[in-house]
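Participant: Here you go, sequence then predicted model.
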Amino acid sequence: MEADEKARRSGQPGVALFSARHRNAHNFSGGPGALPQVVLDQLQESVQCVPEVGLSILGISHRSAWFRAVVDEAERHIRDLLGLTADWHVLFLQGGSSLQFSMIPMNLGCTPRTPVDWVRSGYWSNKAAQEAGVICDVKTAWDGQPGGFRHAPTWDQIKRAPGAAFLHMVSNETVEGVQIADMPPRDEGIVVCDMSSDFLARPVNLDGLDLVYAHAQKNLGPAGVTIVLLRDHLLSRIPRGLPPMLDYRTHIEAGSIYNTPPVMAIYTMLLVLRWLRFDVGGLERMSQINAEKSAAAYAALDARHDLYVPHAAPASRSPMNVAFRLRDAALGHAFRRGWLDAGFTGLDGHRSLGGFRASLYNAVGLNATQDLATFLRAGLIVQRMMA
Ligand code: PMP
């Protein structure tokens with residue numbers, strides 16, 4: 001009570017998370033992650049007043065013509081950036097990517113006896129398998145666990161179960177920093193892909209995919225909205241009698257405004273999409289920048305193999321999440337102090353894997369990544385230990 005009152009008076013949360021030196025530009029958090037500065041500036045204004053509406057973004061009705069136009073424009077940008085054909089539906093849903101773990105098998109007509117193929121490439125594919133397993137019979141189509149989740153599979157290594165309703169894959173394992181570079185070939189049957197941590201970070205060939213989902217809080221905006229892309233032919237599989245909120249058809253019919261959606265999160269996503277399309281110049285350019293960023297980070301780790309051990313095998317390295325540990329774990333505390341003092345934030349590894357992780361989502365700039373690379377190369381912890 002007293003702490004809450006103190007926090008209210010000081011305008012600070014009860015626990016100081018970051019030093020005053022931290023800047024948004026050096027936010028390497030695994031998510032929610034950095035947003036482009038131009039978007040933050042526009043958002044700041046919109047909290048007071050969206051100029052063309054004359055109201056705060058926090059108080060605009062989701063039933064207004066303005067918000068309908070926001071949703072429609074966001075959809076157009078996604079369609080254009082990915083080159084979606086007309087048979088794809090674009091939905092903005094709630095419940096995070098985690099709700100999709102069960103919504104997908106429910107909508108694809110699965111029962112506890114329906115086999116589905118699961119590529120187990122790391123923490124998030126395992127979590128998804130666990131939750132989907134309540135609805136359907138999850139079969140392991142490929143298992144990265146024996147290899148310590150350091151490798152991504154190639155398509156010829158994935159073994160399909162007879163009669164499987166669909167195959168589930170995670171294009172980028174956020175915790176381990178492992179990315180599946182190639183999308184599935186066309187003849188793999190129904191393929192579902194969790195793209196939460198590399199959505200709109202590169203051009204992707206969607207020919208072999210039937211359903212894609214990704215929450216916004218890594219490359220697209222704040223938490224609260226999850227993008228689901230699904231092909232029209234899947235609708236015939238949706239059983240009758242699903243709770244309306246969990247039925248994709250409800251949201252298709254309502255154009256993603258069935259109940260009150262997260263207006264501010266969707267508006268922010270629109271601002272990020274405009275930035276990506278018009279300021280950055282699209283996915284080809286974005287992926288070049290992302291490749292340059294991750295190359296700088298991995299080169300720094302490789303240059304100091306006396307200090308660092310990257311997690312992912314070189315051929316499977318994610319451009320989005322660079323996971324590594326220190327060769328000498330005893331230096332962890334000093335290393336952490338070092339990057340905090342340097343003004344970086346968000347470099348702690350996921351609680352399940354430990355170590356460290358630099359997430360280089362779209363809005364993390366090349367300059368910030370180069371600062372990080374310079375810091376890693378300098379081996380500041382060693383200098384600190386010797387001081
Ligand atoms: N999938 C992946 C690849 C993720 O990285 C995460 C969370 N970081 C999730 C799913 C779960 O997302 P949410 O918290 O939106 O449910």
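Facilitator: On my side now, so go ahead.

Participant: Residue of the stretch 51-200 of the chain closest to the ligand, please.
Facilitator: residue 96 (2.7 Å; CB to the nearest ligand atom). Any C-beta I mention is one placed from the backbone N, CA and C, and that applies to glycine too.

Participant: So what's the residue count around that residue?
Facilitator: Using other CB atoms under 10 Å, residue 96 has 17 neighbouring residues.

Participant: Check it and give its pLDDT.
Facilitator: What the model reports as pLDDT for residue 96 is 98.

Participant: Show me the helices in the stretch 101-250 of the chain, by range?
Facilitator: Listed in chain order, the helices of the stretch 101-250 of the chain (DSSP state H, counting those that start in this stretch) span 123-132, 248-253.

Participant: who does the last one touch, helix- and strand-wise?
Facilitator: The contact analysis (3 or more CB pairs under 8 Å, 6 or more residues apart in numbering; DSSP states H and E) places helix 248-253 against strand 88-93.

Participant: Give the pairing partners of the strand it packs on; include direction for each.
Facilitator: Using DSSP bridges, strand 88-93 pairs in its sheet with strand 226-231 (antiparallel).

Participant: Only the buried residues of the strand it pairs with, if you could.
Facilitator: By 16 or more other CB atoms under 10 Å, the buried positions in strand 226-231 come out as 226-231.

Participant: Past the longest helix seen in the chain, which element shows up next along the chain?
Facilitator: Using DSSP state H, we find that the single longest helix of the chain is helix 283-303. Sequence-wise, the next helix or strand downstream of helix 283-303 (DSSP states H and E) is strand 308-310.

Participant: residues in the stretch 1-150 of the chain within reach of the ligand, list them.
Facilitator: Residues of the stretch 1-150 of the chain found near the ligand (CB under 6 Å from any ligand atom) are 31, 96-98, 124.

Participant: TSV for those, including secondary structure?
Facilitator: Shown next, in TSV, are those (DSSP: H, G, I helix; E, B strand; the rest coil):
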residue	secondary structure
31	coil
96	helix
97	helix
98	helix
124	helix
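
Participant: Quick check: the farthest pair among those?
Facilitator: By the measure CB to CB, 31 and 98 form the most distant pair in these, at 12.9 Å.

Participant: So these two - more neighbours on which side?
Facilitator: Neighbours were counted for residue 31 and for residue 98 using other CB under 10 Å; residue 31 has more, 19 against 15.

Participant: if I pick the spatially most central residue of the chain, what's in contact with it?
Facilitator: Residue closest to the average C-alpha location in the chain (CA atoms, centre = their mean): residue 197, at 2.5 Å. Shown in contact with residue 197 (CB atoms under 8 Å, 6 or more residues apart in numbering): 31, 172-174, 214, 218-219, 318, 320-321, 359, 361.

Participant: Ok, residue 39 next?
Facilitator: 221, 268, 271-272, 275, 363.

Participant: Give me the spatial nearest neighbour of it, chain neighbours excluded.
Facilitator: Of all residues not flanking residue 39 in the chain, residue 271 sits nearest, at 4.5 Å (CB to CB, 6 or more residues apart in numbering).

Participant: distance of that neighbour from residue 311?
Facilitator: 33 Å (CB to CB, to the nearest Å).

Participant: quick revisit: SS state for the residue nearest to residue 39?
Facilitator: helix.

Participant: sorry, back to before: between residue 271 and residue 311, who's got more neighbours?
Facilitator: residue 311 (27 against 22).
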